[in-house]
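Enquirer: pasting the structure only:
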Ligand SMILES: *Cc1c(COP(=O)(O)O)cnc(C)c1O
């Protein structure tokens with residue numbers, strides 16, 4: 001088994017523990033050096049279903065630095081099902097390290113122009129072959145949320161007042177809402193600019209059949225200009241976090257989450273006595289688009 005679930009542990013974060021607030025981090029990033037923590041969880045039940053229906057191929061979508069694509073490539077290899085990734089962009093641009101890695105796990109790639117990429121349904125209709133099992137981009141869907149709910153049950157997380165995570169498609173956050181207890185509050189930091197429809201998209205994945213759900217909210221304004229955008233200040237925060245806590249983050253998701261929590265604590269957003277659990281959702285692929293000397297990890 002290439003994935004080490006038992007490496008996941010809870011670490012206290014000194015830099016974010018002051019003013020009456022205790023902050024811990026759940027280190028999902030430690031399950032594998034390449035495979036993103038949350039993507040692995042989101043894929044689990046899609047894989048189970050694909051095996052049940054004897055799928056002959058797993059197909060999905062993503063960009064050149066997609067944590068989801070590389071996680072799918074490895075998951076397919078482990079499950080013994082061939083994979084194909086529909087990649088946004090042109091085939092003639094040099095392959096990113098992420099895509100090289102996906103190929104090394106046996107994934108076949110099909111490049112799709114940026115315009116055509118917007119219509120996933122059309123791509124599916126055009127390329128589908130019998131026996132293929134399609135997984136939505138980013139694992140968005142109720143099976144993805146079901147896998148993410150398991151994240152909170154790896155350790156006892158019941159005593160935390162707030163669970164905090166980065167939000168892309170919102171699948172992980174929906175899973176955390178489904179998996180948390182009703183007294184907790186789930187706070188998501190959106191990494192996309194002005195993505196206000198996210199609350200509705202998360203709402204569609206909440207399992208209302210299983211009792212009272214915790215309160216939740218998705219905060220905007222911590223996107224640093226938009227998806228995968230960053231500034232020298234964000235990178236400098238990442239270096240500081242590494243020096244102080246030995247926690248590696250990526251500028252697409254977990255750095256934006258951690259910075260936001262730092263800022264919210266400064267602004268006294270959390271009541272005194274709060275116990276925060278940040279989800280380190282893994283996914284360091286985005287950093288591979290930076291020159292190699294920029295980050296110390
Ligand atoms: C994909 C990803 C997210 C976002 O997860 P969603 O379920 O799409 O909201 C957060 N963090 C990391 C590291 C990711 O790779």
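Expert: Happy to help now that I have it. Computed from a predicted model, the values in this text were never measured in an experiment.

Enquirer: what about residue 188, which SS state?
Expert: Here residue 188 is strand, with the state taken from DSSP: H, G, I helix; E, B strand; the rest coil.

Enquirer: wait, it sits on residue 175?
Expert: No: Residue 188 is beyond contact range of residue 175, at 11.4 Å (criterion: CB atoms under 8 Å). Where you see a C-beta, it was placed from the backbone N, CA and C, and this is true even at glycine.

Enquirer: Of all the residues in the chain, which one is nearest the ligand?
Expert: residue 283 (2.6 Å; CB to the nearest ligand atom).

Enquirer: Shouldn't that residue be within a strand?
Expert: No: with three-state DSSP as the criterion, residue 283 is assigned coil and is not in a strand.

Enquirer: so what's it up against?
Expert: Contacts for residue 283 (CB atoms under 8 Å, 6 or more residues apart in numbering) come out as 29, 36, 37, 38, 39, 67, 250, 252, 253, 254.

Enquirer: Spell out the residue ranges of the strands in the stretch 51-200 of the chain.
Expert: For the stretch 51-200 of the chain, the strands defined by DSSP state E, counting those that start in this stretch occupy 57-62, 83-88, 108-112, 132-134, 162-167, 185-190.

Enquirer: Contact partners for the spatially most distant residue from the centre of the chain?
Expert: Distance from the C-alpha centroid of the chain, by CA atoms, centre = their mean, peaks at residue 130 (29.8 Å). Residue 130 sits next to residue 56 when contact means CB under 8 Å, 6+ apart.

Enquirer: Got the confidence number for it?
Expert: Note on residue 130: pLDDT of 98.

Enquirer: and the gap between it and residue 72?
Expert: Applying CB to CB, to the nearest Å, the value for residue 130 to residue 72 is 20 Å.

Enquirer: Check the offset of stretch 174-183 from the chain's centre.
Expert: Its chain's C-alpha centre lies 17 Å from the corresponding centre of stretch 174-183 when counted by CA atoms, centre = their mean, to the nearest Å.

Enquirer: What residues of it count as buried?
Expert: 174, 175, 176, 177, 178, 179, 180 (16 or more other CB atoms under 10 Å).

Enquirer: What of stretch 289-297?
Expert: The neighbour-count check on stretch 289-297 (16+ other CB under 10 Å) flags residue 295 as buried.

Enquirer: which residues touch stretch 249-263?
Expert: Outside stretch 249-263, the residues within contact range by CB under 8 Å, 6+ apart are 15-16, 23, 29, 65, 164-166, 168, 189, 191, 219, 222-224, 227-228, 230, 234-235, 237-238, 241-242, 247, 276, 278-287, 290.
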